[in-house]
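[1] sharing a model that was predicted from the sequence below.
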Amino acid sequence: MVPLGLPVLLATGCNSNQAITNPATQPAREINTLWWAMLAGAMVVFAVVVALLVIAFVRRGRPGEPSHDDRGPYKVIIGGGLAAPMVVLAILFGFVIHVMPATSAPPGPTKLTVDVIGHQWFWEVRYPGTPAVTANEIHIPSGTAVDVRVTTVDVIHSFWVPRLNRTIDAIPGRVNAIELNADTPARYRGQCDEFCGLQHAHMAFYVDADPPSVFRRWLAREAKPATAKPPHAFVAAGCDSCHAIRGTDASAHVGPDLTHVASRTTLAALAIPNDRQHMRDWIVDAQRIKPGAQMPSFELPPGQVDSIVSYLERLK
Ligand code: CUA
C-alpha cells in the first residue's frame, strides 16, 4: 500500500509552502486530518478490492467444472457494490460535514477585511477604509482573524492558500468570503485553483503574515500616494492607460496598481522576481514571459526603458 501514498507525498513535498499536508491554521489542520482520513479510507477500499481479486483468481473454476453457488455473484454485487460503498461514503461524508463549519468564513465582521479581486492574470488587493491597493502580495497581521472578500472582474477564478484554509471561488458579480488566521508570521504561497485561461498557472500569490505592528507600518506606507511624478517615457508609452499610480494622473485599473511596486518582491503574479533586469524584460517582452497577458511587449529605445525602470524602482 505504501507505493500508492508515496507519489502523493512526494508531489506535495515539492513545495511544502503550498501543501495542505503542512497546515498553519486551525481550519487547515482540520482539512489536513480530513485529507489523511480520505486517503486511509481509499487505501482500505483498494486493499479489499485487490484481496477479492486475488481470492477470485486463486479459486477460479476450471473450464467445464460446475459452479459452486449460483447466488454468489448477487451477494457480491449487493454486498460489495451497494452496501460497502454506502457505509464507506457515509462515514467519509460525516467527516466532511464535521470539517465544513471549521473552514467557513466567520458570520460577523472580523478585525480586518481585505478585498481580493481576480483578474486575468493577477490578484488585485484592497484594504477597505484605506486608499491602499496592491497586487499578488497580500499582507495580513498574524494571529488575527482576517475576513478576505473575494470577487473577480472577468472570469471565474479560485482563491486558495492551502496552508491557511480551503479554496473559495471568485465569481463575477458575487462576493465570497474566507477567513485567514495565520498563527505565525511567515510567507504562505497561494494559487488560482480554477482554470481561467492561458496563464492560469501563472496566477499565484503570496500571503505575508506579519507581526501586527509590522503590518500596521506596512499598511500606513502602502496607503500613501507616490512621492514622484512619472517620467515622460511612462506617459508616452501609454503605461498610464492601464496602470494607476496614486498621487499622479495615472488612474487606470486594467493592470496592477504601481504606487508602491518597488515594495513587492515579484512581478506578473509571481512569474518573475522584481529586480531591475526582470522589470526591463517585463516591459520590453512581457508576451514572451507570459503569453496572452494583457501587458503588451513594448519596443522602446533602451534610454526610455531605463527611465521607466528607474522611476518604478523609486516607488517603494
Ligand atoms: Cu485565475 Cu486560474
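    That came through, no problem.

[2] contacting residues for Ala233?
    300, 304-305, 307-308 (Cβ atoms under 8 Å, 6 or more residues apart in numbering). Using the backbone N, CA and C atoms, a C-beta is placed for each residue, glycine as well.

[3] redo that, cut-off 7 Å
    304, 307-308 (Cβ atoms under 7 Å, 6 or more residues apart in numbering).

[4] which one of the residues you listed sits closest to Pro256?
    Proximity of the contacts of Ala233 to Pro256 was ranked by Cβ to Cβ; the top entry is Ile308 with 14.9 Å.

[5] any idea which element Ala220 lies in?
    Under the criterion of DSSP states H and E, Ala220 resides in helix 212-223.

[6] for that helix, name the packing helices and strands.
    strand 137-141 (3 or more Cβ pairs under 7 Å, 6 or more residues apart in numbering; DSSP states H and E).

[7] next structured bit after the strand it packs on?
    strand 146-152.

[8] can you list the strands that the helix or strand just after that following strand pairs with?
    Going down the chain from strand 146-152, the next helix or strand is strand 157-160, by DSSP H and E. With DSSP bridges as the test, strand 157-160 is paired with strand 168-170 (antiparallel), strand 186-192 (antiparallel).

[9] wait, does strand 157-160 contact the ligand?
    Yes. Residues of strand 157-160 contacting the ligand under Cβ under 6 Å from any ligand atom: His157.

[10] quick one: mean pLDDT for that strand?
    Across strand 157-160, pLDDT averages out at 97.

[11] now it: buried residues?
    157-160 (16 or more other Cβ atoms under 10 Å).

[12] and what of stretch 257-271?
    257-261, 264, 266-271.

[13] ditto for stretch 211-231
    212, 215, 218-219, 222-223, 226, 230.

[14] near the ligand too, which of these?
    Counting by Cβ under 6 Å from any ligand atom, no member of these reaches the ligand.

[15] so where do the strands sit in the stretch 151-300 of the chain?
    Under the criterion DSSP state E, counting those that start in this stretch, the stretch 151-300 of the chain contains strands at 157-160, 168-170, 176-180, 186-192, 204-210, 266-267, 272-273.

[16] deepest-packed of these, please.
    strand 157-160 (a mean of 25; mean count of other Cβ atoms under 10 Å).

[17] who touches that one?
    Contacts for strand 157-160 (Cβ under 7 Å, 6+ apart): 116, 118, 150, 167-170, 178, 190-194, 196, 203.

[18] pretty sure Tyr311 is in a strand, no?
    No. Going by DSSP: H, G, I helix; E, B strand; the rest coil, the assignment for Tyr311 is helix, not a strand.

[19] so what's it up against?
    Counting by Cβ under 7 Å, 6+ apart, the residues that Tyr311 touches are 228, 230-231, 234.

[20] with respect to the ligand, which of these is nearest?
    Nearest to the ligand, judged by Cβ to the nearest ligand atom, of these is Phe234 at 27.9 Å.

[21] near the ligand, which residues of the protein show up?
    Residues of the chain lying near the ligand (Cβ under 6 Å from any ligand atom): 118, 121, 157, 192, 194-196, 200, 203.

[22] just the buried ones from the residues you listed, in ChimeraX syntax?
    The following ChimeraX line selects those of those that are buried, judged by 16+ other Cβ under 10 Å:
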select :118,121,157,192,194,196,200,203
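
[23] look up the closest residue to Ile168, ignoring the ones flanking it.
    Residue nearest to Ile168 in three dimensions, not counting chain neighbours: Ile178, with 4.2 Å by Cβ to Cβ, 6 or more residues apart in numbering.
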